[in-house]
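>>> How does the following fold in three dimensions:
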Amino acid sequence: MKINPFYFLRSMSWGLFALAMMILIVGIAINLLGIYLTGSLDGWQAWRAESYGHFLAWRLMLYGGIIAGWIPLRRKLLEREPERHSRLLRAEVGFVLVLVLFEVSRAQSNGQWGAA
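Numbers count the residues shown, from 1 in each chain. From the prediction side, this is the model:
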């Protein structure tokens, strides 16, 4: 019996695609529900701006959880393949820069650091 080595990757990519679509659909549903509950798009946007601090705290806890999970994985990866240290470090720096830019952009658009 011949086993296709790419079967797992193909099935995993469909699973990731399905997960991404479910997240997208849930996100749209939450936004539509928020617009409905606040009465208008302007009301929804105002509520989100007022709740910026709570959402920031949530995102910071989420980032902390990602970092806490990443540290043991990073250690195992570097034990297995120490020659990848510089590439891994560049990817980590890039990821942190993307998060910082995202948060700065988010703060600016919510009027936290001056006029939007």
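>>> Which elements pack onto the lengthiest helix in the chain?
Ranked by number of residues, the top helix in the chain under DSSP state H is helix 7-38. Counting by 3 or more C-beta pairs under 8 Å, 6 or more residues apart in numbering; DSSP states H and E, the packing neighbours recorded for helix 7-38 are helix 41-50. Backbone N, C-alpha and C define where each C-beta goes, glycine included.
>>> now the angle from the following helix or strand past the helix it packs on to helix 41-50?
Note on helix 41-50: by DSSP states H and E, the next helix or strand toward the C-terminus is helix 52-80. Going by axes from the mean of the first three to the mean of the last three C-alpha atoms, to 10 degrees, helix 52-80 is angled at 60 degrees with respect to helix 41-50.
>>> Centre of the chain to helix 52-80, how far?
11 Å (C-alpha atoms, centre = their mean, to the nearest Å).
>>> Identify each buried residue in the longest helix of the chain, please.
Residues of helix 7-38 classed as buried by neighbour count (16 or more other C-beta atoms under 10 Å): residue 35.
>>> Show me the protein divided up by domain.
For the chain, automatic domain parsing gives the domain ranges 1-40, 51-116.
>>> could those domains go into CSV alongside mean pLDDT?
Output for the domains of the chain, formatted as CSV (pLDDT from 0 to 100):
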stretch, mean pLDDT
domain 1-40, 84
domain 51-116, 90
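>>> How much space separates residue 46 from residue 40?
9 Å (C-beta to C-beta, to the nearest Å).
>>> next one: residue 54
Counting by C-beta to C-beta, the separation of residue 54 from residue 40 is 21 Å.
>>> repeat for residue 81
Relative to residue 40, residue 81 is positioned 53 Å away (C-beta to C-beta).
>>> Likewise for residue 92?
On the measure of C-beta to C-beta, residue 92 and residue 40 end up 42 Å apart.
>>> In terms of neighbours, single out the busier of these two.
Legend: neighbour count by other C-beta atoms under 10 Å for residue 92 and residue 40, higher for residue 92 (13 against 10).
>>> thinking residue 56 is in contact with residue 104, fair?
No - using C-beta atoms under 8 Å, residue 56 is not in contact with residue 104; the gap is 11.7 Å.
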